[in-house]
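A.B. asks: test case, fold it:
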Amino acid sequence: MTLFPADDPDKIPFAGVLPAAPRPYVLGEGQGEKSLVFDQLFEILASGDETDDQYGAWTMKARLGDRIPAHVHLKTHEFFYVVDGEITVWMDDQSDYHSRTTLTTGDFAFVPAGIVHAFKIENTTTVFGAGTAGFERFFHAIGRKTDLTEPQGVFVPDFSVMRAAGEKYATVFMPEFSFRD
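C.D. replies: Reported below is the predicted structural model:
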């Protein structure tokens, strides 16, 4: 069952980068679909198209930065695996689970759908992530296509763009949410 649109226009500018079908392929470093979101470089390595709508996989590279806005994915499970560096992850189920954890190289965090979360890059960091198929296009919807291989510069999407992407990809931004630090 596809949770996100199969004919997603957010993948059109990237046509031909990934095979768009479940067949074998290899990507060299920096050859995936790339978008700059805030000061983070997201690279999609596999999408729902390649995995029969099972999952999407990406990397995120960033330098020291501010905490991203609190948000919740209503339909997407997501994980963070720190390939290199340090990232602080906040998670809150708005009931009895509240955490703030600094992950370092080799650490892992799982964020089920419905959990409010945010993160902050503590130093130059690479994170491998995966989530529910189709959600990976969210990064394109709020970001700017790029050919960068390392994060540089800042792209701040207009809040109306963030809101529209959130509606499309079942993500609610909660900038007023207070985590229990």
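A.B. asks: which residue, other than its chain neighbours, is closest to G129?
C.D. replies: W58 (5.3 Å; CB to CB, 6 or more residues apart in numbering). The C-beta positions use only the backbone N, C-alpha and C, and glycine is treated the same way.
A.B. asks: next one: the helix or strand harbouring the one you found to chain centre, how far?
C.D. replies: Using DSSP states H and E, W58 sits in strand 55-62. Distance of strand 55-62 from its chain centroid, counting by CA atoms, centre = their mean, to the nearest Å, is 6 Å.
A.B. asks: hey, C-alpha coordinates of that strand in PDB?
C.D. replies: The C-alpha trace of strand 55-62 is given here as PDB (Å, rounded to 0.1, in the frame of the first residue of the first chain):
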ATOM      1  CA  TYR A  55      11.100   2.100   2.300                       C
ATOM      2  CA  GLY A  56      13.300   5.000   1.200                       C
ATOM      3  CA  ALA A  57      16.900   5.600   2.300                       C
ATOM      4  CA  TRP A  58      19.000   8.700   2.400                       C
ATOM      5  CA  THR A  59      22.000  10.400   3.900                       C
ATOM      6  CA  MET A  60      22.100  13.800   5.600                       C
ATOM      7  CA  LYS A  61      25.300  15.700   5.900                       C
ATOM      8  CA  ALA A  62      25.600  18.900   7.900                       C
END
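A.B. asks: ok, now how distant is F110 from P24?
C.D. replies: Between F110 and P24 the computed distance is 28 Å (CB to CB, to the nearest Å).
A.B. asks: more neighbours: which of these two?
C.D. replies: Shown here are F110 and P24; by other CB atoms under 10 Å, F110 has more neighbours (11 against 6).
A.B. asks: can you tell me the SS state at the residue sitting nearest the centre point of the chain?
C.D. replies: Of all residues in the chain, the one closest to the mean position by CA atoms, centre = their mean is F139, 5.9 Å from it. Under the three-state scheme (DSSP: H, G, I helix; E, B strand; the rest coil), the conformation of F139 reads as helix.
A.B. asks: burial count for the closest residue to it other than its chain neighbours?
C.D. replies: Excluding the flanking residues, the one nearest F139 by CB to CB, 6+ apart is F42, at 4.0 Å. The burial count assigned to F42 is 25, neighbours taken as other CB under 10 Å.
A.B. asks: again with R67
C.D. replies: 12.
A.B. asks: and the closest residue to it other than its chain neighbours, how far from K75?
C.D. replies: Nearest residue to R67 in three dimensions, chain neighbours excluded: K120, at 4.0 Å (CB to CB, 6+ apart). Using CB to CB, one gets 25 Å for the distance from K120 to K75.
A.B. asks: give me every residue that touches the residue lying closest to T132 once chain neighbours are set aside.
C.D. replies: Of all residues not flanking T132 in the chain, T76 sits nearest, at 4.3 Å (CB to CB, 6+ apart). Taking CB atoms under 8 Å, 6 or more residues apart in numbering as the criterion, T76 is in contact with 3, 113, 131-132, 135, 169-171.
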